[in-house]
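Participant: Pasting a predicted model and its sequence here:
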Amino acid sequence: YNLKRCDAIVSLSRFSINQISEIHGARMAEKAVLIPGGIDTDRFSYADAAARAAFRKKLGLPDGSTVVLTVRRLAKRMGLDMLIEGFAASARNNKRLFLVIGGTGSERESLEALSVKLGVSDRVSFRGFIPADQLAGYYQAADLFVLPTRALEGFGLVTLEAMSSGTPVIGTAAGATTELLGGFDEGLLVRDISAKGIAEKLEKVAGVPDRLERLRPLCRDYVLKNYSWDSTVESLERLYEDS
């Protein structure tokens, strides 16, 4: 009812526009205007090597490790079991890998049990709820962020927050993640949405430190050019002026 009455529907992604079309019909989707979400690029800022090392020490992360981070609600749809399984497979060949999982949810106990079963509990750290004032520090301390969603990722702000911090992201090709990462580097997309697919991508990306370093400034530039709050506000203002 509300969609029928409105003049325009602001959508964060083409994926969401397609969802509108599938659920409410093509005519309703014609009202949709694509305006991606914006990121506070000052808050999620780029950190040099010295700053990253300081954050890692503050957060108690092991020296010399390659830190893989995810921040998610601990629910089945979020694919964290696939991430732990993929991490365990990759970690057999890369002893530097260390996984940090932030977030709360009903799956925590089973995910912790899975890390024990796979023999990586000493290399997986569950941090629980990460307060907003600490989140940027976690992004900056990480070498790589992983978004292992199974389905229905409407617009992953965490993807852009991590990239704005200079932290490369690999993500499953689910929902709008395909748009966000595909527009930057399709080599960071996990096309095979499975533990095996995540393991293979971890080996190709996390296992090549030089590649991670090259990607850092490119990630930051990509967000500044395409997903700053300034560009989002300008698009919204134009929409209201033209309506």
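Facilitator: Done, it's in.
Participant: And the strands in this protein?
Facilitator: Per DSSP state E, the chain has strands spanning 9-11, 32-34, 66-71, 97-102, 124-128, 144-147, 169-172, 189-190. These are given in chain order.
Participant: Packed most tightly, which of those would that be?
Facilitator: Across these, averaging neighbours per residue (mean count of other Cβ atoms under 10 Å) puts strand 169-172 on top, at a mean of 28. Backbone N, C-alpha and C define where each C-beta goes, glycine included.
Participant: other SSEs contacting that one?
Facilitator: Other helices and strands packing on strand 169-172, by 3 or more Cβ pairs under 8 Å, 6 or more residues apart in numbering; DSSP states H and E, are strand 144-147, helix 157-164, helix 177-182, strand 189-190, helix 195-205.
Participant: any chance of the ones you listed in CSV, with distance to residue 122 and mean pLDDT too?
Facilitator: Putting those into CSV (distance: least, Cβ to Cβ, whole Å; pLDDT from 0 to 100) gives the following:
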stretch, distance to residue 122, mean pLDDT
strand 144-147, 19, 98
helix 157-164, 25, 96
helix 177-182, 30, 95
strand 189-190, 25, 97
helix 195-205, 18, 97
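Participant: Could you identify which of these is most buried?
Facilitator: strand 144-147 (a mean of 26).
Participant: Which residues does that one contact?
Facilitator: Residues from elsewhere that reach strand 144-147, judged by Cβ atoms under 8 Å, 6 or more residues apart in numbering: 66-70, 72, 83, 139, 153, 156, 158-159, 162-163, 167-172, 177, 198, 202, 205-206, 212.
Participant: distance of the most centrally placed residue in the chain from residue 147?
Facilitator: With the centre of the chain defined as its mean C-alpha position, the nearest residue by Cα atoms, centre = their mean is residue 159, 3.0 Å away. Counting by Cβ to Cβ, to the nearest Å, the gap from residue 159 to residue 147 is 6 Å.
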